[in-house]
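Engineer: Below are the sequence and a predicted model; questions follow.
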Amino acid sequence: MTTPATRIRELVVTPIAFSDPPLLNSGGVHEPLALRVILRLVLEDGTVGLGESPGGVTRLERLMVAAKTVVGMDVFDTTAVAAAIDAALLPGVPSSHERGWTTSAVEVACLDAQGKLLGRPVSDLLGGRVRDSVPFAAYLFYKWAEHPALDGRPAIGDDWPEALDPAGIVEQARLMQQRYGFTSFKLKGGVFPPDEEIAAIRALAEAFPGRPLRLDPNTAWTVETSTYVARQLDGVLEYLEDPTATIEGMASVARDSPLPLATNMCVIAWEHLGPAVEQNAIQVLLTDHHYWGGLRRTRELAAVCEAFGIALSMHSNSHLGISLAAMTHVAAAIPNLDHSCDTHYPWNSADDVIVPGVLELADGEVKVPTGPGLGVELDTDALDRLHRRYLDSGVRRRDDTGYMRRIQPDYELRLPRW
Ligand SMILES: O=C([O-])[C@@H](O)[C@@H](O)[C@H](O)[C@@H](O)C(=O)[O-]
Ligand SMILES: [Mg+2]
């Protein structure tokens, strides 16, 4: 009997490390290296599907379990592939959200391989694209000019100036606009006292009149502070993202907030949707295929949001081009994408693992690739280089707080802080 060409022969799992600037958030500061894992799903006929997952040793170990589980399965059986990985992880990983990170990355690699076999873009496998390009927002961060010299290592600079006050944030927004043409802006807050961040948003509103603005302090505020900020920025922000923790906390803010509230923190698994809807805790969901079960499940999530009148946006973490391609395909296939998507890509794109040329951020948008699968090609030299960097660096998990403490020993993580 011959082996079907669509059978999965191997899943190659490669951890990588790439440069990241000193971006500040409510939990500390980004380290000089960020971690991801690149997947190559190899079929019996030699077709290779690409995937990209957030890194860190825990996620890596789970992907290694997935790599053993999927061998011999058919690449078109994505539901069975996800169920098999889920079952293999379940004994040690009770959280469906946590298991979702692994199944999602493998699903993207399966869809890339399917598209290559069929000669069709992934967006076609998701029902077809409803837009030819996907809008993204500039993701603004308070940042230091450079990673300071530490433990004998010299300082590490980058091509974005320091941004620690409203003028610095406006300058960063102008650069983002010049370099990528963004027309909407998100500020990562939770770094300075709320009135300083309100001032930064007001400065952006003055510099970019009529442009959509958002603020996301990653739960740095109490319910009272969140309500205060929402009232201050009524008519200025399109939405306020995760001002405070938990569905209950967000529901309390929502009762008194004139602004829509958005989340990528308190509604992160299917079982959270019921309580969030019952309590009217959120008006916008930032979806993320990396943990919602992949691209098809994200499409389904969009339909659920439509049913309950929840608007849709998209979340991002530090990522490279395979993830950007996957985000672009799924966003292209979702009719009710109500807001431009987040992306960290400008902060990290210099170190990408894909061959340049297909995915370009221009005019604040990414054109949906029309080639087979995700439409991007792996740069294997870049992959080898970033894998070596991972091996040599010794960095094995993201630790924004620990890194901040090495620079400012009296730094304390407090959520809420204000
Ligand atoms: O990279 C960061 O510092 C962000 O805060 C990230 O960790 C968040 O996951 C994300 O961007 C968000 O919207 O909350
Ligand atoms: Mg967020």
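Structural biologist: Noted; the coordinates are in hand. Ligands and ions are numbered 1, 2, ... in the order given.
Engineer: Quick check: phi and psi on the most centrally placed residue in the chain?
Structural biologist: Centroid-nearest residue in the chain: residue 316, 2.0 Å away (criterion: CA atoms, centre = their mean). Main-chain torsions, residue 316, degrees, to the nearest 10: phi -140, psi 150.
Engineer: For residue 413, see how far away the closest residue to it other than its chain neighbours is.
Structural biologist: With sequence-adjacent residues excluded and distances taken as CB to CB, 6 or more residues apart in numbering, residue 316 is closest to residue 342, at 4.0 Å. In this view, the C-beta of every residue, glycine as well, is placed from N, C-alpha and C. The gap separating residue 342 from residue 413 is 23 Å, by CB to CB, to the nearest Å.
Engineer: Buried ones in the longest helix anywhere in the chain, by neighbour count?
Structural biologist: When the chain is parsed with DSSP state H, its longest helix is helix 96-118. Of all the residues in helix 96-118, those buried under the rule 16 or more other CB atoms under 10 Å are 96, 98-117.
Engineer: Could you do stretch 225-236 as well?
Structural biologist: Going by neighbour count (16+ other CB under 10 Å), the buried part of stretch 225-236 is 225-230, 232-233.
Engineer: what's the answer for stretch 36-49, then?
Structural biologist: 36-44, 47-49.
Engineer: out of those residues, which are inside helices?
Structural biologist: Among the buried residues of stretch 36-49, no member lies in helices (by DSSP H).
Engineer: Please identify the one among those residues that lies nearest to ligand 1.
Structural biologist: residue 36 (12.9 Å; CB to the nearest ligand atom).
Engineer: dump the residue contacts of the closest one.
Structural biologist: Residues counted as contacts of residue 36 (CB atoms under 8 Å, 6 or more residues apart in numbering) are 15-16, 18, 52-55, 318-320, 323.
Engineer: any chance of those in JSON lines, plus pLDDT and distance to ligand 2?
Structural biologist: Output for these, formatted as JSON lines (pLDDT from 0 to 100; distance: CB to the ion, whole Å):
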{"residue": "15", "pLDDT": "98", "distance to ligand 2": "25"}
{"residue": "16", "pLDDT": "98", "distance to ligand 2": "24"}
{"residue": "18", "pLDDT": "98", "distance to ligand 2": "21"}
{"residue": "52", "pLDDT": "98", "distance to ligand 2": "19"}
{"residue": "53", "pLDDT": "98", "distance to ligand 2": "19"}
{"residue": "54", "pLDDT": "97", "distance to ligand 2": "14"}
{"residue": "55", "pLDDT": "98", "distance to ligand 2": "19"}
{"residue": "318", "pLDDT": "97", "distance to ligand 2": "13"}
{"residue": "319", "pLDDT": "98", "distance to ligand 2": "14"}
{"residue": "320", "pLDDT": "98", "distance to ligand 2": "19"}
{"residue": "323", "pLDDT": "98", "distance to ligand 2": "16"}
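Engineer: Give me the buried entries from the residues you listed.
Structural biologist: So, by 16+ other CB under 10 Å, the buried ones in these are 15-16, 18, 52-55, 318-320, 323.
Engineer: For ligand 1, what is the nearest residue in the stretch 51-200 of the chain?
Structural biologist: Ranking the residues of the stretch 51-200 of the chain by distance to ligand 1 (CB to the nearest ligand atom) places residue 188 first, at 5.4 Å.
Engineer: surely that residue meets residue 143?
Structural biologist: No - at 9.5 Å, residue 188 does not count as touching residue 143 under the criterion of CB atoms under 8 Å.
Engineer: Give me the common contacts of those two.
Structural biologist: 23-24.
Engineer: hang on, the earlier thing: taking the buried residues of stretch 225-236 one by one, which sit in helices?
Structural biologist: Using DSSP H, the buried residues of stretch 225-236 in helices are 225-230, 232.
Engineer: Closest to residue 333 out of those?
Structural biologist: Nearest to residue 333 out of these is residue 230 (CB to CB; 32.4 Å).
Engineer: Give the burial count for the residue nearest to the closest one when sequence neighbours are not counted, as a bare number.
Structural biologist: Among residues not flanking residue 230 along the chain, residue 257 sits closest, at 3.9 Å (CB to CB, 6+ apart). As a burial measure, residue 257 scores 21 neighbours (other CB atoms under 10 Å).
Engineer: Could you do residue 153 as well?
Structural biologist: Each residue near residue 153 was counted by other CB under 10 Å, and the total is 10.
Engineer: Check residue 394 too.
Structural biologist: 8.
Engineer: before we move on, what about the one 10 residues further on?
Structural biologist: A total of 21 residues lie near residue 404 under the criterion other CB under 10 Å.
Engineer: going forward can the numbers begin at 20, since that is how I track them
Structural biologist: I'll keep to 20 as the first residue from here, and by that count the last item is residue 423.
Engineer: That one and residue 247, how far apart?
Structural biologist: In this view, residue 423 and residue 247 are 26 Å apart by CB to CB.
Engineer: got the contact list for the residue of the stretch 70-219 of the chain closest to ligand 1?
Structural biologist: Residue 207 sits next to 42-44, 158-161, 235-237 when contact means CB under 8 Å, 6+ apart.
Engineer: Keep only these that also lie close to ligand 2.
Structural biologist: By CB under 5 Å from the ion, the members of the contacts of residue 207 lying near ligand 2 are residue 235.
Engineer: tell me the contacts of the residue of the chain found nearest ligand 1?
Structural biologist: Closest contact between the chain and ligand 1, by CB to the nearest ligand atom, is at residue 44 (3.7 Å). Residues in contact with residue 44 (CB under 8 Å, 6+ apart) are 160, 207, 209-210, 237, 419.
Engineer: Report the beta-bridge partners for it.
Structural biologist: Counting by DSSP bridges, residue 44 forms beta bridges with residue 47.
Engineer: Can you read off the backbone torsions of the closest residue to ligand 2 within the stretch 320-437 of the chain?
Structural biologist: Residue nearest to ligand 2 within the stretch 320-437 of the chain (CB to the ion): residue 334, separated by 5.9 Å. Reported as degrees, to the nearest 10, the phi and psi values for residue 334 are phi -90, psi 160.
Engineer: residue contacts, it?
Structural biologist: Residues in contact with residue 334 (CB under 8 Å, 6+ apart) are 283, 305-307, 361.
Engineer: what does residue 160 give?
Structural biologist: 40, 42-44, 182, 191, 206-207, 366.
Engineer: quick one: contacts for the residue nearest to the centre of the chain?
Structural biologist: With contact taken as CB under 8 Å, 6+ apart, residue 335 is in contact with 158, 307, 346, 360-364.
Engineer: again, only this time at 10 Å
Structural biologist: By CB atoms under 10 Å, 6 or more residues apart in numbering, the contact list for residue 335 reads 155-156, 158, 205, 283, 305, 307, 309, 342-343, 346, 360-364.
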